[in-house]
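Novice: how would this look folded up:
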Amino acid sequence: PPLWDVVGLGQAMVDISAAVDDDFVARAGLDKGSRRIISVEERAKLLEALDGSAYQVSAGGSLANTLVAASHLSRADHCNRGGGLPRIGMLSVSGDDLQGSFHCAQMQHAGIRLLSEPLPGTSTGTVIVLTTPDANRTFLSYLGSSQTLTLSAAAEAAICRTRVLIVEGYLWEMLGAKEAIGAAVRLARESGALVAMTTGDPGLVARHRGEFWRLLSGGDVDVLFANRAEASALLEHPVSAAEAASELGSLCSLAAITDGANGSCISALGRLQVVPPYWTTDTPVDTCGAGDAYCAGLLYAYLSGLDLASMGRCSARVASAVLSR
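Specialist: Okay, here's the model as predicted:
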């Protein structure tokens, strides 16, 4: 029988989040709202510029955020209704430095079991998130010194004993990703696990479109998470969320497409579910992490056996909570 309910394959990143003004972004020579890969030297300069400012450090990475949110939802449900807690594990690309140890401790505190060992002699990636007063955010990612993705024997064993394998799209940027992700998906499918995949961002999708299509067209992805811009990059033409869900839903069991303030659309087994946004009385603070939270809500709803409409409502509510935190 499966040992794990969910096993995630993704990057361990440490998030450094700061509220800055537009002048800070301009002085740093950055395009507001952009996403960039930076070197360790550029990271040092940015942190020096932030010295004296208030910023928050947390365990991050897109998939890690999703797994933590899903764990919190499950724990809250357990307190309210009882029942067993889901068993969630993560196979992460992490260095053996202080940042890696911090990430590991934070994940374990959230109820996530780390199923892989840090890579000796490597550094952990970081993401600096600069949020301006208009709730726009600029992402600056240092990917860490380990640029090669491999699967250990322990990782393969975990994948063979999970109900759900979820793969983070950002892994496609690493060397060896085609072989490692392909092997992980193959092992999951052979053991009867459901395979879910996130897309990352539009630029990443454009760079690795062929790999996404190879898995989708081969019927190797059961659940696909994307926003409308990422779906448009994947399909190579502009689409609405409903159009994207319908087109991509024909290639997998479930396609969930988010569209910001317009809500989302979920296509499952030929049925299209339009999900309106869930608004609260709180003003949105920033949109960072909303997509990861939406994914967590849907994952939690799936594990709870909810129907399609309930899955959509759950996902929207969880994403909304992140927007106004």
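Novice: Strands of the stretch 151-300 of the chain, residue ranges please.
Specialist: Counting by DSSP state E, counting those that start in this stretch, the segments of the stretch 151-300 of the chain that form strands are 162-167, 194-198, 223-227, 254-258, 264-268, 271-275.
Novice: Which neighbours in the sheet does the second one have, and how are they oriented?
Specialist: Sheet pairing of strand 194-198 (DSSP bridges) gives strand 162-167 (parallel), strand 223-227 (parallel).
Novice: Let me know the average pLDDT across the last one.
Specialist: Along strand 223-227, the predicted local confidence has a mean pLDDT of 97.
Novice: now the angle between strand 254-258 and that strand, please.
Specialist: Orientation check (axes from the mean of the first three to the mean of the last three CA atoms, to 10 degrees): strand 223-227 against strand 254-258 gives 10 degrees.
Novice: Taking strand 264-268 as reference, get the angle to strand 223-227.
Specialist: Going by the same axes, to 10 degrees, strand 223-227 makes 160 degrees with strand 264-268.
Novice: Can you give the distance from the worst-scoring helix or strand of the chain on mean pLDDT to the centre of its chain?
Specialist: Among the helical and strand segments of the chain, the one scoring lowest on mean pLDDT, DSSP states H and E is helix 62-81, with a mean of 80. In terms of CA atoms, centre = their mean, to the nearest Å, the centre of helix 62-81 is set 14 Å apart from its chain centre.
Novice: which of the residues in it are buried?
Specialist: By neighbour count, with 16 or more other CB atoms under 10 Å as the criterion, the buried positions of helix 62-81 are 62-74, 77. Where you see a C-beta, it was placed from the backbone N, CA and C, and this is true even at glycine.
Novice: what does stretch 174-189 give?
Specialist: Using 16+ other CB under 10 Å, the residues of stretch 174-189 that count as buried are 174, 177, 180-185, 187-189.
Novice: circling back to that earlier point, need the contact partners of the least confident helix or strand of the chain.
Specialist: Outside of helix 62-81, the residues that reach it under the criterion CB atoms under 8 Å, 6 or more residues apart in numbering are 6, 8-13, 59, 83-86, 88, 90, 92, 103, 107, 110-112, 166, 168-170, 198, 200, 289, 291-293, 295-297, 299-300, 303-304, 318, 322.
Novice: which residues touch Ser253?
Specialist: Under the criterion of CB under 8 Å, 6+ apart, the contact list for Ser253 reads 194, 222-223, 268-269.
Novice: Swap in 7 Å and give it another go.
Specialist: Shown in contact with Ser253 (CB atoms under 7 Å, 6 or more residues apart in numbering): 222-223, 268-269.
Novice: any weak-confidence spans in this structure?
Specialist: Along the chain, the model assigns pLDDT under 70 to residues 1, 76-85, 280-289, 322-325.
Novice: Mind jotting down where the helices sit in it?
Specialist: For the chain, applying DSSP state H gives helices covering 22-27, 40-49, 62-81, 98-109, 153-159, 177-190, 202-207, 209-217, 228-235, 241-249, 290-303, 308-323.
Novice: so which of these comes closest to Gln147?
Specialist: When the helices of the chain are ranked by distance to Gln147, counting by CB to CB, first place goes to helix 177-190 at 10.0 Å.
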